[in-house]
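[1] Give me a 3D structure for the following:
(one chain, ligands or ions: 1)
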Amino acid sequence: IEATRKYRPTLHFAPKQNWMNDPNGLVYFEGEYHLFFQHNPHDTVHGPMYWGHAVSKDLIQWEELDIALHPDELGTMFSGSAVIDWHNTSGFFPEKPGIVAIFTHHLDRGAGKHAKESQSLAYSHDNGRTWTKYEGNPVLEHDTKIDFRDPKVMWHHETNTWVMVVASEQTISFYTSANLIDWQFESEFGDGIGAHDGVWECTDLFELDVINQDESKWVLIVSVGGNHSLDVGTRTQYYIGTFDGTTFTADPESIDWLDHGRDSYAGVSFSDIPEADGRRIYMAWMTNSKYAQIVPTEGWRGQMNLPRELSLRKHGNIYRLYQQPVRELDTYFTRKYDIHAEVVNQSSEKSYQIDAAPVDINLTIENKDASQYGIQVYHTDEQWTRIVYEAETNRLVLDRANTGNVGFSEYFLQQQAISLEEAKQLKLQIIVDASSIEVFVNDGAYALSSLVYPDQPCKRIEVFAADGSIEIVEGHISTFVKQ
Ligand code: FRU
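    You can find the predicted model right below:
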């Protein structure tokens, strides 16, 4: 079937046609961000996996290129990462540096048999346009683990070594290599710590400075697969701790969900962002295993979350991962409403006409004495998303039961919530695109991503309060401008 425009995002990457899942091989090289992705070019559901490919100069506008990696006799192309081999450690780049992809070969072996998963390499001399598979593939197998996939490779400066983290059933395995080809097992992390609701998938490891401290910490990201008995489906958790080149040790107090909404999974960060930039930029697949294959788009299915800049802060003795949409996004918006000291109560909700999309809503709200308050995004007069802060429970709840096309899955009707610390003020950023809402709380201390399928992106926005009043201390609402 032909891909239709309906629900197609403006600011979020979606494939031109057919199925997409995880972001793969996120890497920056010679002025381009590369986004490879799990792709079935034959259908709008998961199937034999290829690596699709898109490039961008600013992380927002993507140009989809030809498929990068095709299945071969060792299997289909499951998730993985990419690095620049600056010093030709692999021997693939005698002339000039280029990109190496480290991916999982997934080989189905027929009914009643487990698929075989192993790690393999491919390299490109022309900025990811064409690829050669390494003749010695696979480069890493496991004797016992059945689920053994999604390698993420990084260069570890202190030890001058490549480090691979790879999901191995319900743990993360750590390997090292001098040349990307020969891998040495170092350690395994995860037994008895964090969520084990499902198989562990897509992982990532990186170091970040702690913004309000004179130290740095390591972040380990783990996607936790869906479990049939759990309504929440697929989620991503993070661990913060130390890493010495071979072993990761988690601070047991600093474990949390990365996104408190249903729709953010299999996320990983870009490799090789220049030091002068210095950002750690993360991208995830914006959906959930509970309904990823049945969301109501036609001819295409799957989109990414907005790319987010990650940072760390310490509160008491807990480290927390912060995330904010990348600053490049700002150039796509212009201010429509500036708001100052606006009081809202039961009988005086404020309404802002929008009739455009995407929309970027930024509000700092102080609660005087309301029992609840919030923002209602009217997609049309009859279809809305409600984002409510409940004072009694200190929760921010997103309700999408009335957003339009919701009947394809019972799980889509359930509320999503963030439990917050008690506070009089709340700073909210809400980005509304054609079929998604992403909420960032208190400068990125919490995120909540949610798909929605309304007939129109956004007609107007209402700020309301119940049983008392609130003040919009300051804020602005901005709408999309084409670049
Ligand atoms: C996560 C995942 C990965 C795997 C890929 C297959 O969504 O299951 O573990 O490599 O998707 O498409």
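[2] Could you tell me which residues of the chain lie near the ligand?
    Within the chain, the residues that sit near the ligand (C-beta under 6 Å from any ligand atom) are N21, D22, Q38, M49, F78, S79, T104, R149, D150, E201, C202, A266. Any C-beta I mention is one placed from the backbone N, CA and C, and that applies to glycine too.
[3] If we ignore the residues flanking it in sequence, what's nearest the second one?
    Take D22 and drop its neighbours on the chain: the residue closest to it by C-beta to C-beta, 6 or more residues apart in numbering is A266, 3.8 Å away.
[4] so what pLDDT did the one you found get?
    Reading off the confidence values, A266 has pLDDT 98.
[5] wouldn't it be in contact with M283 here?
    No. Under the criterion of C-beta atoms under 8 Å, A266 is not in contact with M283, lying 9.6 Å apart.
[6] what residues do those two have in common as contacts?
    Taking C-beta atoms under 8 Å, 6 or more residues apart in numbering as the contact rule, A266 and M283 both touch P23.
[7] picking that back up, most neighbours out of the residues of the chain next to the ligand, which is it?
    In terms of neighbour count, C202 stands highest of the residues of the chain next to the ligand at 32 neighbours, by other C-beta atoms under 10 Å.
[8] And the average pLDDT for the host helix or strand of that residue is what?
    Per DSSP states H and E, C202 falls inside strand 200-209. If you average the pLDDT over strand 200-209, you get 98.
[9] Please enumerate residues in contact with it?
    Residues contacting strand 200-209 (C-beta under 8 Å, 6+ apart): 22, 79, 147, 149-150, 152, 154, 163, 165-172, 190, 215-225, 243, 248, 265-269, 280, 282, 310-312.
[10] Could you rerun that using 7 Å?
    With C-beta atoms under 7 Å, 6 or more residues apart in numbering as the test, strand 200-209 has contacts from 22, 79, 150, 152, 154, 165-167, 169-172, 190, 216-225, 243, 248, 266, 268-269, 280, 310-312.
[11] now do stretch 442-456
    Residues outside stretch 442-456 that contact it (C-beta under 7 Å, 6+ apart): 7, 259-264, 286-287, 295-296, 305, 320, 322-324, 379-380, 383, 385, 398, 400, 403-405, 416, 418, 426-427, 435-440.
[12] picking up where we left off before, each with direction, which strands does the strand holding C202 pair with?
    The strands beside strand 200-209 in its sheet (DSSP bridges) come out as strand 216-224 (antiparallel).
[13] in the partner strand, what's buried?
    K217, W218, V219, L220, I221, V222, S223, V224 (16 or more other C-beta atoms under 10 Å).
[14] Now it - C-alpha only, CSV.
    C-alpha atoms of strand 216-224 as CSV (Å, rounded to 0.1, in the frame of the first residue of the first chain):
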residue,chain,number,x,y,z
SER,A,216,31.8,12.6,36.1
LYS,A,217,29.8,9.4,36.1
TRP,A,218,29.0,6.6,33.7
VAL,A,219,25.6,5.9,32.4
LEU,A,220,24.4,2.5,31.3
ILE,A,221,21.1,2.4,29.4
VAL,A,222,19.1,-0.8,29.1
SER,A,223,15.9,-1.4,27.1
VAL,A,224,13.7,-3.9,28.9
